[in-house]
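> Whatever this is, show me its structure:
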Amino acid sequence: MARSAIAFPALLLAFFVLLELGLAKQAREPAPGYDSSIEPCLKNMTEECGIEVFQNIFHKGPEITDSCCGVLLKFGHPCHSELIEIVLSTGKFATREAEILQKSTAAWKRCRSIVEGH
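Here you go, the predicted structure:
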């Protein structure tokens with residue numbers, strides 16, 4: 001049971017990266033750059049919040065909701081940074097890397113401020 005709880009978010013992440021790369025229909029393995037060491041992190045991220053955070057940082061999605069900010073902080077800063085780097089390593093967002101890193105930092109700071117009240 002615990003293994004499937006970790007495997008589902010990991011597969012979901014791989015799917016979203018593949019979807020961004022346009023390979024979701026033909027791929028059966030995780031995306032390039034996917035590192036299984038991120039799996040322990042993923043147990044703290046929900047599907048809904050993972051999508052919300054991804055859309056906010058990598059696309060022009062809305063602000064991360066307060067409830068997902070709580071999930072993001074539970075996910076942890078090291079995991080957040082590692083996940084951003086994994087997605088950037090695919091090359092799909094190479095032209096926007098500086099913008100994405102800036103949005104990632106801003107999202108983390110905003111969520112920390114909301115959750116911790118700073």
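> okay but residue 48 is in contact with residue 72, surely?
No: assessed by CB atoms under 8 Å, residue 48 is found out of contact with residue 72, at 11.8 Å. Where you see a C-beta, it was placed from the backbone N, CA and C, and this is true even at glycine.
> Which residue of these two possesses the greater neighbour count?
residue 72 (27 against 12; other CB atoms under 10 Å).
> how near is that one to residue 39?
17 Å (CB to CB, to the nearest Å).
> again, but for residue 75
13 Å.
> who has more neighbours, the two?
Taking other CB under 10 Å, residue 75 and residue 39 do not tie; residue 75 has more neighbours (23 against 15).
> residues touching that one, list them.
By CB atoms under 8 Å, 6 or more residues apart in numbering, the contact list for residue 75 reads 41, 44-45.
> Residue 115 too?
66, 69-70, 73.
> Residue 73 too?
Here residue 73 is in contact with 111-112, 115-116 (CB under 8 Å, 6+ apart).
> which residues of the chain fall in strands?
Applying DSSP state E to the chain gives no strands.
> Just the pLDDT at residue 4, thanks.
Looking at residue 4, its pLDDT stands at 40.
> got it, and residue 19?
In this prediction, residue 19 has a pLDDT value of 49.
> Good, wrapping up.
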